[in-house]
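*Asks:* Sharing a model prediction with you, sequence too.
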Amino acid sequence: MAPTLAEPFADSAALTDFVITQGNGVKGLSEMGLKALPKQYIQPLEERMCMTNILAQESIPIIDMSNWEDPEVAKSICDAASKWGFFQIVNHAVPVEVLENVKDATYRFFGLPTEVKNKYSKEHSPSNNVRFGTSFTPQAEKALEWKDYLSLFYVSEEEASALWPSVCREQVLDFMKKSEVVIKQLLQMLMKGLNVNKIDETKESLLMGSVRTNLNYYPVCPNPELTVGVGRHSDVSTLTILLQDEIGGLFVRGNQGDNWIHIPPIKGSLVINIGDALQILSNGRYRSVEHRVVANGSKNRISVPIFVNPRPGDMIGPLPELIESGEKPIYKQVLYSDYVKHFFRKAHDGKKTVEFAEL
């Protein structure tokens, strides 16, 4: 039986086939003009965003990077990493046109015909490093998330040229390359804040030895209050550098209880957040904080995060400099690829992943 606008996809197998197997994603659902949210996307009450829990008067720090060598800038960044786990940077080294180009490229990729995008799905992609998908981990989720994505793990220029979609390849590579300056500046300041004054090659590869960029697409959603764009989670990265468009909808957990702070879009800014790997490496001094994205009933939203990570084969644990100075470790040494597998094996579940590394 064909789905109707009022009672779409009562049959879960039909929805899975349409959204995942055929590769229509939630963009395909959105473009059907559904009047009601398919039941597979209805989140339990405790996972929906309660608007009374939003701290309207609070905001995460906005830090001007134009004089990034000024000790006050470094202090602001280390303070934000300890207190909030999130901050926005303005007047940074990534040119505005690079940001605009990668946003345009994201729209171009998601505007491709379904059969072209589906060439990059788990079933059809020539490499695990290039993945078009939807939701987070559909096979492990009780309720699906209203998001499609293209995930690009960087190995080399040659592999990117051969395997990444041509409509977005150059723009993503340019965004990644131009961001590297900012990433190194931030890591230098954050390490100095831990009294790690020299980042040698070993340390650099531990902090930023692998990079993944996602293009995220959150289409217009019927009954957006019943679902999520992305559920509560913290990132598994060292740092995440996020470009968001002007729509808004990203919320970060506040410092007290179940309260959430909106991260307002600022043209030309980048949102930076500490990931679990840096929380572990810093022995808990820097915090990776839960965040989530709400669905939107009237506008399509995109975002482009760059996840800066250790290499899969690296062991991560509190940095030796911290332990040598007498700190008691609160995390054990774990293989980074095991940590990441643990994260992707389950649905989004707030900050639970980090328990995997606790002593």
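*Replies:* Sure thing, it's come through.
*Asks:* can you give me how far stretch 264-272 is from the chain middle?
*Replies:* With Cα atoms, centre = their mean, to the nearest Å as the basis, stretch 264-272 stands 14 Å off its chain's centre.
*Asks:* now stretch 157-166
*Replies:* 22 Å.
*Asks:* Name the residues that touch that stretch?
*Replies:* Contact partners of stretch 157-166, identified using Cβ atoms under 8 Å, 6 or more residues apart in numbering, comprise 109, 112, 120, 126-127, 129-130, 150, 152, 154, 169, 172-173. For glycine as for every other residue, the C-beta is placed from the backbone atoms N, C-alpha and C.
*Asks:* try stretch 321-339
*Replies:* Here stretch 321-339 has contacts from 194-196, 236, 276-277, 280, 282-285, 309-318, 353, 356-359, using Cβ under 8 Å, 6+ apart.
*Asks:* From the residues you listed, list the buried ones, please.
*Replies:* The neighbour-count test (16 or more other Cβ atoms under 10 Å) marks 194, 196, 236, 276-277, 280, 282-285, 309-310, 314, 316-318, 353, 356-357 as buried among those.
*Asks:* any idea of the mean pLDDT in stretch 70-88?
*Replies:* pLDDT averaged over stretch 70-88 equals 97, rounded to a whole number.
*Asks:* And the pLDDT at the most centrally placed residue in the chain?
*Replies:* The chain has Pro305 as the residue nearest its centroid, 5.2 Å off, counting by Cα atoms, centre = their mean. Looking at Pro305, its pLDDT reads 97.
*Asks:* Which residues are in contact with it?
*Replies:* Per Cβ under 8 Å, 6+ apart, neighbours of Pro305: Thr213, Asn214, Asn216, Asp235, Thr240, Ile241, Leu242, Leu243.
*Asks:* what's the closest of these to Met32?
*Replies:* Comparing the contacts of Pro305 against Met32 with Cβ to Cβ places Asn216 closest, at 20.7 Å.
*Asks:* so which helix or strand takes in the closest one?
*Replies:* Assigning secondary structure by DSSP states H and E places Asn216 in strand 210-218.
*Asks:* gap between that strand and the chain center?
*Replies:* 7 Å.
*Asks:* Of the buried ones among the contacts of stretch 321-339, which belong to helices?
*Replies:* If you go by DSSP state H, the buried ones among the contacts of stretch 321-339 have Asp276, Ala277, Ile280 in helices.
*Asks:* confidence score at the first one?
*Replies:* Taken from the predicted model, the pLDDT recorded for Asp276 is 95.
*Asks:* That one against Val236, yeah?
*Replies:* Yes. Between Asp276 and Val236 there is a contact at 5.1 Å, judged by Cβ atoms under 8 Å.
*Asks:* where do the contact lists of the two overlap?
*Replies:* Residues touching both Asp276 and Val236 (Cβ under 8 Å, 6+ apart): Tyr339, Thr353.
*Asks:* and stretch 51-58, which residues are buried?
*Replies:* Quick answer for stretch 51-58 (16+ other Cβ under 10 Å): Ile54.
*Asks:* Convert the C-alpha atoms of that stretch to CSV, please.
*Replies:* Taking C-alpha atoms only, stretch 51-58 is exported to CSV below (Å, rounded to 0.1, in the frame of the first residue of the first chain):
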residue,chain,number,x,y,z
MET,A,51,11.5,24.6,25.5
THR,A,52,11.2,25.5,29.2
ASN,A,53,14.7,24.1,29.7
ILE,A,54,16.4,26.7,27.5
LEU,A,55,18.5,29.3,29.2
ALA,A,56,17.7,32.2,27.0
GLN,A,57,19.9,34.6,28.8
GLU,A,58,23.0,32.4,28.7
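*Asks:* now it, how far from the centre of its chain.
*Replies:* Centre-to-centre, stretch 51-58 and its host chain are 22 Å apart (Cα atoms, centre = their mean).
*Asks:* List of residues touching that stretch?
*Replies:* Residues contacting stretch 51-58 (Cβ under 8 Å, 6+ apart): Phe251, Gly254, Asp258, Asn259, Trp260, Ile261, His262.
*Asks:* quick one: the strands in the protein?
*Replies:* With DSSP state E, the ranges of strands along the chain come out as 62-64, 86-90, 130-134, 148-154, 210-218, 230-233, 239-244, 250-253, 260-262, 270-274, 291-293, 301-309, 315-316, 334-335.
*Asks:* for the stretch 51-200 of the chain, which spans come out with low pLDDT?
*Replies:* Within the stretch 51-200 of the chain, the segments meeting pLDDT under 70 span 135-142.
*Asks:* can you pull out the helices in it?
*Replies:* Assigned by DSSP state H, counting those that start in this stretch, the stretch 51-200 of the chain shows helices spanning 71-83, 96-110, 114-117, 157-163, 169-192.
*Asks:* Render the CA-only coordinates of stretch 179-192 in CSV, please.
*Replies:* Output in CSV follows, covering the C-alpha atoms of stretch 179-192 (Å, rounded to 0.1, in the frame of the first residue of the first chain):
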residue,chain,number,x,y,z
SER,A,179,41.2,25.3,9.0
GLU,A,180,44.5,23.5,9.8
VAL,A,181,46.1,26.9,10.8
VAL,A,182,43.3,27.6,13.3
ILE,A,183,43.4,24.0,14.6
LYS,A,184,47.1,24.3,15.3
GLN,A,185,46.6,27.7,17.0
LEU,A,186,43.9,26.3,19.2
LEU,A,187,45.8,23.2,20.2
GLN,A,188,48.9,25.2,21.0
MET,A,189,46.9,27.4,23.4
LEU,A,190,45.1,24.4,24.9
MET,A,191,48.3,22.5,25.4
LYS,A,192,50.0,25.5,27.0
